[in-house]
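S.K.: model this:
(chains A and B)
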Amino acid sequence: MGGPVPEEGEGATGRSLAEVAVRVQEYWDRFQIPARLVHGPPEGPPFRFTEGPPTANGNPHIGHVISRALKDTIVRYRRLRGDRIVSAMAGWDCHGLPVELEIEKKHGIRSKRQIEEYGVARFCDECRAGALEVAAIWEEMSRRMGYWLDYSHPYKTMDAPYIESVWWALRELYGQHLLEKGHYCLPYCPRCETALSSHEVAQGYRETTDPSVTLRLRLREDVAGPRRYLLVWTTTPWTLPSNLLVAARADLEYVGVPGPEGAEYLLASAAAARYFPEADLAQLRRYRGRDLEGRFYEPPFEFAGPAPHRYRVVLDDSVDPREGTGFVHIAPSFGPEDQRIGEREGVGFYDPLDGRAVFTDVIPPVAGKGFKAADPILLELLRSSGALVVSTTLRHTYPFCWRCDTPLVYRALDSWFVRTSRFSQELVSNNDQVAWTPAHLKAGRFGNFLGEAKDWALSRSRYWGTPLPIWRCVGGHEVCVGSFEELARLQGGPLPAPFDPHRVAVDALLLRCPECGGPMRREPYTIDGWFDSGAAPFAQYHYPFESGPFRKEAALDYVAEGLDQTRGWFYTMLVLSTALFRRPAYKACVTNGLVLDDQGRKMSKSKGNAIEPLSLLAKMGGDAVRWAFYAVDYTEPMRVSEATVRLAGQRSLGTILNVLAFYRGNALPAAARRREPAPATALLDRWILARQDATVERVTRALDRYDHHDGALAIQELVADLSTWYLRRSRPRLWTEEVTEDRRAAAETLEGVLRTTAVLLAPFAPFTAEAIHQELTEGPYTDGSASVHAARWPKPAPPDPGMLRSMEDLRRWVEAARELRQRAGVKARFPLPTLVVRCAADAPARALGPEGDELLRDEINVRELRWEAPGATTEYPEADWVRRPEPDGAMLFLSRSPTPELFREGLVRESLRRLQTARKELGLRYSDPIVLELWAAEPLADALRAESPRIGRELLSEPPSVMAWPAPAADDILRWEFEGARLAARIRKRAPV
RNA sequence: GGGCCCAUAGCUUAGGUUGGCUGGAGCACCCGGCUGAUAACCGGGAGGUCGUCGGUUCAAAUCCGACUGGGCCCA
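M.R.: Below you'll find the model as predicted:
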């Protein structure tokens, strides 16, 4: 029930949303409300959720706020519905390059060798310490935006139990032959000296300039004839020393273009026009690709040396005639296609690069040069040997390391793979069961990606990560360890306690081969950190080693992250749940688009247009920031600025705080309250309750299908109706001197709607909702059990569409009649005699009965409202009436001018208004009695005299006598002129008796 | 080069699945009102070729196709 009347400046008005947030946060902190409520009722049915673990050694940005808002909204809603949240644990992704790079930067380390010199143990210790470096900032951001998670017991991917669960998962995959070693071309970062996975590469494509060179390779001819050359195009000259083959396409047409000194240059006829625009194609000798199959050529460099089958023309369908020359340079060490063709042709590999992609001594001219640095030297060699035909540059997109920004190379490496390609169909069918937002991702981007899923390159040649638990002995036996207990057994004794399952401690163990007893060595890799995070739904509970709420048959109900996670977390979770549990990982998945600045540009630190989330949240309040995201289509890229946030906050949240302030100023005195409000009888009360019920229903449906946008919109519309129609029309009802039944009904209805709105609002704007709820409570902010977040979600009541429709129509007529009034040119204060509405007897608005009539009459300020049947023939001459046809078929007529009597009434009202304003401007309070003297010219003087008692009553004076015009000249006499009337007044504060 | 998405007033958005009244609203703008919610409230006005072109149809913002611009993903 309404609390005590707020002290000056204490009410919700005048307080910004940011201040509301601070006050509410204090309350939550004081009673530790988040900690008490975050898990939901322990007996409730489970709602399965997992926080996607962010890397906490990097600062959060504004994009993280939106995903967190989308997560929090649904979790809050489920709690209000009585669900237990499984799990509300915060989580941190602790492993991997991001952490290692921070430590490298700190010590100026630039290579793996330097890490080894520094000491792997020390290095990893620092990684552990640095992994959660800015976790406190993440927590503060979550607090400021009202994202409730259990931060006191977060899961961390570097914790021993977590790692043990990950090992269990790896062992399961290994047992299904889905974890295998292979030698494949992978994207490789020369600086980090490790392979990356395709989803990591996807993060780092960038526009760059590379050489674009065409060279000629002379065909070895069996018979004498013109010298013929294959033209070959490449953007990676550094791979040319590794060239072992040239590929052509069997059915493609090639032509021989005359070159210098009687030579002939061979290339695809489609390319000839690009290379030799002046050549007459019709005159040229033609070949098919298959005619050239098996022909030998002279390689661009001799370093790789001879070997069977090398330096031949081979056929392959992957050759694309639209690009290059139709002859493709094949270096099996440096490209997935190259590798495939090389293996098919049995030519082996030739990789002259070391781990840092620096040329070794096998190629003396570029020994010691990085692969990129070798390009110009190699080109110069080709030029002097005459092999270089065209040398230009090309702008194109090329992959860079997502963490250190080094250009990547594709190279063939030993690596461990998850054989996702073997169960891609199962991935697709599991994905079919997921409700995606936006829906098109399911069959579109994500579905496509799954259908052609490549094997997942899992191993990393790095230090700080979950060690790959696979050991081999000299006898070639292999074991994948799936638990610490098994590890202890193979080691022949207990593990050191406490056991830290990272590289140093794990590699210090001496394992014996269970088959031959020989010593075993671990495969020296860590695993992709995305595997760690993909395991979060079960590893956070140390499944299967401890019993917890995780159930292998139960998918998560809901996850939400940024769109980029389709290739990241959403993908790896699905891979693991499919392979381990043969089911989808989650039932519903919501993604959000990128956050742009107000110009629509990407935010970046270097451009200086990035919004710092903490300061924005502090300045605007968490709710305004959250609302700014609900208000737009968050599945698409969205613009965000301080201005958009401010506006979003004002629109709904500011309005409802205003309504609250009004309510508090006009609440029933404590003595007049009753326990059980009576059922609403007044039209306005019944209407706003119907609106409320419809909104409960709509918000419930919206949140059930994870549609934050529609839910927020529904609340926004209710708040607008509450403020601009219900409250505006109800104000006089709340101003009565004594507490009438109607005043009671209005106050109770308003309070009830505010209460319900607070609960509806709670998932979206947790601070504002709490503030409303508290201020409707006896002793606000003093009872820790009275949080709105412990409330029960309202039950949707049966809808009353008839009522809503009727009021909608009535409001349309009100607007129409106001427009007529404007055309008549008579101010609202001057009553007009008659409004005629000609409409069907069963028009919805008429169903509102006499109360509806009264509403219409009062809004338009007419003395009489007259209904007419559609066929009525009454004449309303233009001279006296304005008219307006309505789209619903109704016709409205309004009198053009007041009667003299009504005009005088208008004058009195106008005078009263001016006198009230004057009172206020003199600094008098609403309750200060005054001494009033009036002067007026006729006919106003006469009208005022007739209303003298009423004037006295409204202005808190004795009934004034109205003196004849003119008023004496004096400084303290105020004068007005309006509608041809003249008025003057002297107002003084009456001395207290 | 391939795939997916987006496009409604200056800005944010409703409507599009199921084609049908004059395409709704908020902010900002202009005019006016109210003045016991006041950095609030109410009315009116101006502002839209619903990205462009074409098709289907009696009828297209809505369905289909192409194009333009923007975004994302892949190669």
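S.K.: on the three-state scheme, the residue of the stretch 651-800 of chain A found nearest RNA strand B is what?
M.R.: As assessed by Cβ to the nearest atom of the strand, RNA strand B sits closest to A:Thr724 within the stretch 651-800 of chain A, at 2.4 Å. Using the backbone N, CA and C atoms, a C-beta is placed for each residue, glycine as well. Under the three-state scheme (DSSP: H, G, I helix; E, B strand; the rest coil), A:Thr724 adopts helix.
S.K.: ok, the residue lying closest to A:Trp965 once chain neighbours are set aside - how many residues close by?
M.R.: Of all residues not flanking A:Trp965 in the chain, A:Ala937 sits nearest, at 3.9 Å (Cβ to Cβ, 6 or more residues apart in numbering). Number of residues near A:Ala937 (other Cβ atoms under 10 Å) recorded here: 16.
S.K.: so what pLDDT did A:Ala937 get?
M.R.: With respect to pLDDT, A:Ala937 scores 88.
S.K.: and it, what does it touch?
M.R.: By Cβ atoms under 8 Å, 6 or more residues apart in numbering, the contact set of A:Ala937 is A:965-966, A:981-982.
S.K.: excluding chain neighbours, what is closest to the residue in the stretch 501-650 of chain A that RNA strand B sits nearest to?
M.R.: RNA strand B sits closest to A:Val632 of the stretch 501-650 of chain A, with a gap of 3.1 Å, by Cβ to the nearest atom of the strand. Spatially, and ignoring its direct neighbours in sequence, A:Val632 is nearest to A:Met638 (4.8 Å; Cβ to Cβ, 6+ apart).
S.K.: what is the burial count for the one you found?
M.R.: 20.
S.K.: and A:Tyr287, by the same measure?
M.R.: 18.
S.K.: A strand includes it, no?
M.R.: Yes - with three-state DSSP as the criterion, A:Tyr287 is part of a strand.
S.K.: what sits against it?
M.R.: A:253-256, A:266.
S.K.: what sits opposite the most far-flung residue of chain A relative to its centre in the beta ladder?
M.R.: For chain A, the residue at maximal distance from the C-alpha centroid (Cα atoms, centre = their mean) is A:Ala964, at 70.9 Å. Beta bridges link A:Ala964 to A:Ala936 when assigned by DSSP bridges.
S.K.: got it, and A:Tyr287?
M.R.: Bridge pairing for A:Tyr287 - DSSP bridges - gives A:Tyr254.
S.K.: tell me the pLDDT of it.
M.R.: With respect to pLDDT, A:Tyr287 has a value of 88.
S.K.: repeat that for A:Thr325.
M.R.: A:Thr325 carries a pLDDT score of 87 in this model.
S.K.: which of the helices or strands spans it?
M.R.: Assigned by DSSP states H and E, A:Thr325 belongs to neither a helix nor a strand.
S.K.: any idea how far A:Ile656 is from A:Leu974?
M.R.: 39 Å (Cβ to Cβ, to the nearest Å).
S.K.: tell me the confidence at A:Glu947?
M.R.: For A:Glu947, the model assigns a pLDDT of 86.
S.K.: pull the longest strand from chain A.
M.R.: For chain A, the longest strand by residue count, based on DSSP state E, is strand A:205-218.
S.K.: in space, what's closest to A:Ile163 - neighbours in sequence excluded?
M.R.: A:Pro501 (4.7 Å).
S.K.: what's around the one you found, how many residues?
M.R.: If we define neighbours as other Cβ under 10 Å, then A:Pro501 has 22 of them.
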